[in-house]
Each structure stands twice: as C-alpha cells, then as structure tokens.
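> pasting the sequence and the predicted model now:
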Number of protein chains: 2
Amino acid sequence: MKNIEEKILRDGRIIDNDIIKVDSFLNHQIDVAFIREFAMDVKEFFAGKKIDRVLTIETSGVAIGYAVAEVFGDIPLVFAKKTKSKTVGADVYHTPVRSFTRGATSDVTVAMQYLREGENVLIVDDFLAEGNASMGLIDLCRQANANVAGVAVVIEKTFQGGRGRIEKEGIPVFAGASIKAFHDNKPVF
Amino acid sequence: MKNIEEKILRDGRIIDNDIIKVDSFLNHQIDVAFIREFAMDVKEFFAGKKIDRVLTIETSGVAIGYAVAEVFGDIPLVFAKKTKSKTVGADVYHTPVRSFTRGATSDVTVAMQYLREGENVLIVDDFLAEGNASMGLIDLCRQANANVAGVAVVIEKTFQGGRGRIEKEGIPVFAGASIKAFHDNKPVF
C-alpha cells in the first residue's frame, strides 16, 4: 500500500459514503512533508517533460501547487480565483466551474498575463471527482493558447469519471491515490 | 535596499496611493524562491523560539504559510477559513474579521482540533495594514489557550497602525518590507 493510501485510511474521514474529509492533512491543516512527497511523485511521473508553470485553483490547491512548483525547480505558480476582488483587474480569462463539495458554480478567473501562449502548464489540485475544476483549468489554458502538459491530483475518485474526461483530451493524469469506491465509510483503493 | 523592497518596487503596482497589487509574485502568481527567502528571514528573526505550528488565513496566506512551515522543519500549518463549507464541521473557533481590500467582514474559522492549548503558534500573512486579520488570528489562538509566538508578514503598511495593535499585546512582529507611505503611486520604505 502506498504511503498516501495509508494516510487516507488513517487520517481521512468519509461521510455518508459520499464526501471524503482530509482536513487533517490537506484542506485545513496541512502536512508539509506529506504534500512534498506527493510533489516528488508528480515530478517522477512527468520526468523528461518540460513544465513551465503550475496552475491550480484556490484555496485547497495553493499549498499543493507551491510544493509542486518548488520541486520542479521554483517554476512560477498561478492559482485561479473563484471570486473577483477589487484588486483583480478586468483582463482575465474566465470559465464557469461547478464545485462537487459546495454544489455551487463559480466564475473561475486567471489574469491574462499569468497564462502565456506556448507554455507547458501542469495543472494541480487536491481532488479529481467529476473533473469539473480540472476541465475548467484546461479551458483557461486553451483560451491562452498554452499547452496542458498534464493534470496531477492528490486524490482521485475513479467512479466519478473525471479522469476519462481529461484523458479524452489527450492529457495525461497522475493521481497520488485512486479511490474506486466507498464502503461502510471506508475507501477502497 | 533589501531584496523584497526591490521586488516591490520592480513588480508591485500601487493604485490611487491606496492599494498595492503584488499579484505578480504573491497574490495570484506566486514566486516560490521569493517566498522561501522570506520564510528564511522569518526563521532568522524568530531564532531560538520554539514554534509548534503556523497559522495563516486563506487564500493569500496559504503559500506563505507553507513556505514558513517547511523552513521551520515541516511543522503543521493550519489556514483559517473565511467561509463555512459543508465539509467543515461545527466544532470551530470563530471571530469576525474585516478585510481592508474587500471592505467586507467575514466570519473566520479554525476547527478546534487544529489549535491546541499550550502550543506556540506563529501567525503568518501577506499584508499587515490595520491589523484586522492578525488580531482575528490572535483571538482564535487565545480562544484555544495557545500562545502566539509572533506575527510575520511579507509587507507591512506602517501608516495603518497594525503593528502597534499587535505589539501592545506583547507579541513581536516581523515584516519583510515596511512601507511608510505611498507617494505618486510608489512605495516609500
């Protein structure tokens, strides 16, 4: 069993065989060593590929994106925003993304200057479920004429179809742990 | 001139002698090497102090908090949340915080299990202006009977009084750069 699977079994909590809470190491409290180990696995998976930039989405993706950008040699990280604040300008790419956990649709934005034509972008996130966030980030990259080199997530729920949607676009997917099902509020890998 | 001051002069943008935008390296795109250098300065400033945990606030604090937690030897990081999601439980400490840039008040929360009695907590954030966010995080620590070892921010605006409010509580403050004023939309250090 992989370290990350052990971590999920030990510290994750599943509610109603539906939602997995990993607040103790990923989404609220952050286990730095754990996330850096994931980042090193991502680097190994994408070995030999030129990666220019990491793209993620606030909030839970930020620490993971930082770790990956650092392990890839301090490349730029940009996080897409879910709300517009008065300190974000008007020159943004945007795309609608429906959140699985929140059940709401956000307009997700990245300032145009932080996604560049021809760059190879690695998309990073905490979860891959239906793939809505990843597909939204892929859409932002395509609006910028950037190449999506891959998608890397800490935890994938394989029964929700996200991987298929991304791979159909010719984009490789790496997951630290792949959950096939929940039974009795426990994950099955 | 310090590296961080040079970075602000070169890459920051000031709007209406009021709001400073550091989206190119801190708040939207993230310069990993820059943030790690700040984290190392924080470690030097708090040398000899026992720090058990880093506390920050979403979203802009997360990458900075990660860097500081990593430099302090992979200690736990927790980020306070500005909104309640359905994956956060009811057992939270909470405190109202007014945002200077957004002009709105949020109920800022930390799950009780991630702030522990007797721990030495280092509070980390991107900006220190009026000190509302820092005072809110200090309040959360006090609700938990945790000790606040200090507050470390990347950029301080000294003319808005935040440092005085924190130091009055007997808590040391470290700022990577201290801006005394804005003149002609340029910072004065």
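Nice, I can see it.

> list the beta-bridge partners for the residue sitting nearest the centre point of chain A.
Note on chain A: the residue nearest the mean C-alpha position is A:Asp125, at 1.3 Å, using Cα atoms, centre = their mean. The residues listed as beta-bridge partners of A:Asp125 by DSSP bridges are A:Val153.

> buried stuff in stretch A:145-156?
Of the residues in stretch A:145-156, those buried by neighbour count under the rule 16 or more other Cβ atoms under 10 Å in any protein chain shown are A:Ala146, A:Val148, A:Ala149, A:Gly150, A:Val151, A:Ala152, A:Val153, A:Val154, A:Ile155, A:Glu156. Bear in mind the C-beta positions are built from the backbone N, C-alpha and C, glycine included.

> which residues touch the lengthiest helix in chain A?
Longest helix in chain A, counting residues (DSSP state H): helix A:32-45. Contacts of helix A:32-45 from elsewhere in the structure, counted by Cβ atoms under 8 Å, 6 or more residues apart in numbering or on different chains, are A:3-4, A:7, A:25-26, A:63-64, A:67-68, A:70-72, A:122, A:124, A:150, A:152, A:154, A:174, A:176, B:66, B:69-70, B:74-77.

> repeat for stretch A:153-160
When contacts are defined by Cβ under 8 Å, 6+ apart, stretch A:153-160 is touched by residues A:4, A:8, A:20, A:22, A:26, A:35, A:38, A:64, A:100, A:124-131, A:134, A:162-163, A:173-181.

> now the buried members of those.
A:4, A:8, A:20, A:22, A:26, A:35, A:38, A:64, A:100, A:124-131, A:134, A:162-163, A:173-179.

> among the contacts of helix A:32-45, which lie within helices?
With helices identified by DSSP H, the entries of the contacts of helix A:32-45 that belong to them are A:Asn3, A:Ile4, A:Lys7, A:Ala63, A:Ile64, A:Ala67, A:Val68, A:Glu70, A:Val71, B:Tyr66, B:Ala69, B:Glu70.

> for the fourth one, which non-adjacent residue is closest in space?
Which is A:Ala63. If the residues on either side of it in the chain are set aside, A:Ala63 comes closest to B:Tyr66, at 4.5 Å by Cβ to Cβ, 6 or more residues apart in numbering or on different chains.

> contacts only, for that neighbour.
When contacts are counted by Cβ under 8 Å, 6+ apart, B:Tyr66 touches A:Ile30, A:Val32, A:Ile35, A:Val62, A:Ala63, A:Tyr66, A:Ala67, B:Leu77.

> between the residues you listed, which is closest to A:Leu140?
Proximity to A:Leu140 was ranked across the contacts of B:Tyr66 by Cβ to Cβ; first place goes to A:Val62, at 16.1 Å.

> you'd agree the closest one is up against B:Gly61?
No: using Cβ atoms under 8 Å, A:Val62 and B:Gly61 do not qualify as a contacting pair, with a distance of 9.2 Å.

> picking up where we left off before, now the next helix or strand along the chain from the longest helix of chain A - C-alpha only, CSV.
On the C-terminal side of helix A:32-45, the nearest following helix or strand under DSSP states H and E is strand A:53-57. The C-alpha trace of strand A:53-57 is given here as CSV (Å, rounded to 0.1, in the frame of the first residue of the first chain):
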residue,chain,number,x,y,z
ARG,A,53,4.3,26.7,-15.0
VAL,A,54,2.0,25.2,-12.4
LEU,A,55,-1.7,26.2,-12.5
THR,A,56,-4.1,25.4,-9.6
ILE,A,57,-7.3,26.8,-8.1
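
> ok, the residue of chain A positioned farthest from its centre to B:Ala152 distance?
Relative to the mean C-alpha coordinate of chain A, counting by Cα atoms, centre = their mean, the farthest residue is A:Asp184 (26.6 Å). In this structure, A:Asp184 lies at 44 Å from B:Ala152, with Cβ to Cβ, to the nearest Å as the measure.

> for chain A, what lies in contact range of chain B?
Applying Cβ under 8 Å from any Cβ of the partner chain, one finds that chain A approaches chain B through A:19, A:21, A:23-24, A:27-33, A:35-36, A:58-59, A:62-63, A:65-67, A:69-70, A:74-79, A:81, A:85-88, A:101-103, A:110-111, A:113-114.
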